[in-house]
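Asks: coords please:
(one chain, ligands or ions: 1)
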Amino acid sequence: MSYSPSSPKMCHSPRVTVVGAGKVGSTLAQRIAEKNLADVVLLDIVEGMPRGLALDLMEARGIELHNRRIIGTNDYAETSGSDVVVITAGFPRKPGMTRDDLLVANAKIVVEAASKAIVYSPEAIFIIVTNPLDVMTYLAWQATGLPSDRIMGMAGVLDSARLETFIAMELGVCPQDVNAMVLGSHGDLMVPLPRYATVNGVPITELLDAATIERLVQRTRNGGAEIVQLMQTGSAFFAPASSTCVMVESILLNQSRLLPVAAYLQGEYGLNDIFIGVPCRLGRSGIEKVVELNLCDAERDALHICAREVRKNLDRAQEIFAAVTR
Ligand code: TXD
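Replies: Numbering: from 1, shown residues only. Modelled structure (predicted):
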């Protein structure tokens with residue numbers, strides 16, 4: 001087939017809306033534009049701020065060698081026709097706070113953001129980033145009424161990247177050579193799977209003793225808090241933005257990458273009606289497949305403990321959801 005310059009295919013630039021132009025949102029906008037993946041609409045409730053950030057990012061285009069448009073706005077109408085909507089709006093953790101302390105404050109923000117964004121982008125795939133992640137993803141799913149394969153939460157890619165980093169640092173190897181997967185909820189109960197971690201195919205159990213692996217697993221569980229404690233104001237954002245960008249990329253470019261994401265389960269892993277981190281194949285239509293790993297009893301039990309905790313917070317969140325939509 002000949003390719004005509006006037007073909008609509010050539011004119012269409014994918015569009016990603018990022019709701020919440022704070023640390024994670026603005027860094028994500030930068031990554032998406034500079035990787036030349038899509039035009040970006042940055043939306044925030046603070047007036048002027050997203051427009052300022054967008055202009056700043058636009059002024060870097062000539063230097064960073066891309067031609068993507070970045071729009072900053074307070075108006076959801078400007079997000080219309082987005083292919084992907086990422087919600088990062090909400091409060092980050094302060095020192096000593098758990099992710100669940102954020103539940104009440106962020107539930108209202110996420111429900112409002114999701115309900116407004118879906119009106120203008122009914123065909124979009126939604127990625128939720130706001131904490132507490134697994135619960136916020138469920139609330140956003142309810143608020144949008146989306147089929148469950150078109151909405152997911154980002155956490156597992158980040159938690160896995162942290163475990164990979166600690167393994168690479170311990171062994172003195174290139175982080176690119178390390179592969180690991182962390183399942184479960186985004187919190188202290190997350191389920192790292194060292195049994196499945198490798199350095200270019202070599203299981204880490206061949207390279208590290210059990211005590212060292214346990215130390216790295218614990219550091220991963222505490223990975224977010226370690227950064228909050230050091231920063232004192234705000235939480236991690238560079239690696240969270242990179243991790244979200246990987247998901248956006250796999251969707252927009254239909255890469256079908258196998259990534260741990262918070263997905264809606266309907267019987268997989270013996271769990272029902274819950275969003276929790278499991279390996280999924282991500283492509284242009286969203287979650288193409290939830291992959292069920294053969295977990296050992298301890299891993300499966302740990303996943304179920306996570307699910308119980310998420311469920312408890314979900315029940316509280318459901319009340320909040322009912323209150324804000326009444
Ligand atoms: O792995 C993960 N899922 C996470 C999640 C990793 C890192 C950060 N994680 C969570 O993302 C964090 O706990 C927060 O709940 C969110 C956003 O973190 P960020 O560090 O970006 O917070 P900021 O810098 O405070 O930015 C939040 C922005 C800020 O600009 C607010 O003005 C805006 O959200 N905000 C809103 N935007 C639109 N609409 C509404 N209602 C709104 N309320 C606040």
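
Asks: ok, residue 219 - contacts?
Replies: When contacts are counted by C-beta atoms under 8 Å, 6 or more residues apart in numbering, residue 219 touches 162, 166, 226. Every C-beta, even on glycine, is put in place using the N, C-alpha and C of the backbone.

Asks: quick one, phi/psi of it?
Replies: Per-residue torsions, residue 219: phi -60, psi -30 (degrees, to the nearest 10).

Asks: just residue 267 next, same as before
Replies: The phi and psi torsions at residue 267 (degrees, to the nearest 10) take the values phi 110, psi -20.

Asks: before we move on, what SS does residue 258 have?
Replies: Classification of residue 258 by DSSP: H, G, I helix; E, B strand; the rest coil places it in strand.

Asks: burial count for it?
Replies: The criterion is other C-beta atoms under 10 Å. On that basis, residue 258 has 15 neighbouring residues.

Asks: ok, so what distance separates it from residue 116?
Replies: 32 Å (C-beta to C-beta, to the nearest Å).

Asks: picking up where we left off before, I'd like to know which of the contacts of residue 219 is nearest to the ligand.
Replies: Closest approach between the contacts of residue 219 and the ligand, by C-beta to the nearest ligand atom: residue 162, at 9.8 Å.

Asks: pLDDT wise, what is the residue nearest to residue 20 when sequence neighbours are not counted at?
Replies: The shortest distance from residue 20 to any non-neighbouring residue, by C-beta to C-beta, 6 or more residues apart in numbering, is to residue 89 (3.3 Å). In the predicted model, residue 89 carries a pLDDT score of 98.

Asks: helix, strand or coil for residue 89?
Replies: Using three-state DSSP, the secondary structure recorded for residue 89 is coil.

Asks: for residue 280, same thing?
Replies: For residue 280, the secondary-structure state derived from three-state DSSP is strand.

Asks: residue contacts, it?
Replies: With contacts defined as C-beta under 8 Å, 6+ apart, residue 280 is in contact with 152, 258, 259, 260, 261, 263, 287, 288, 289, 290, 291.

Asks: which two of those have the greatest separation?
Replies: Of all pairs drawn from the contacts of residue 280, the greatest distance, 14.6 Å, lies between 260 and 288 (C-beta to C-beta).

Asks: re the thing from before, which of the contacts of residue 280 are buried?
Replies: Burial by neighbour count, judged by 16 or more other C-beta atoms under 10 Å, picks out 152, 259, 260, 261, 263, 287, 288, 290 from the contacts of residue 280.

Asks: circling back: tally of neighbours for the residue nearest to residue 20?
Replies: Counted with other C-beta under 10 Å, the burial measure for residue 89 works out to 26 neighbours.

Asks: gap between the closest residue to the ligand within the stretch 201-326 of the chain and residue 28?
Replies: Relative to the ligand, the nearest point of the stretch 201-326 of the chain is residue 240 (3.5 Å; C-beta to the nearest ligand atom). Separation of residue 240 from residue 28 (C-beta to C-beta) stands at 8 Å.

Asks: which one's more surrounded, those two?
Replies: The neighbour comparison of residue 240 against residue 28 (other C-beta under 10 Å) goes to residue 28, with 29 against 24.

Asks: without its sequence neighbours, what residue ends up closest to the more buried one?
Replies: The shortest distance from residue 28 to any residue other than its chain neighbours is 4.2 Å, reached at residue 241 (C-beta to C-beta, 6+ apart).

Asks: please compute how far the helix or strand that that neighbour is a member of lies from its chain's middle.
Replies: Per DSSP states H and E: residue 241 is located in helix 238-252. On the basis of C-alpha atoms, centre = their mean, to the nearest Å, helix 238-252 sits 7 Å off its chain's mean C-alpha point.

Asks: contact partners of it?
Replies: Counting by C-beta under 8 Å, 6+ apart, 14, 16, 24, 27-28, 30-32, 35, 37-38, 83-84, 86, 88, 125, 127, 129, 152, 154, 157-158, 161-162, 255-257, 259, 261, 282-284, 286 sit against helix 238-252.
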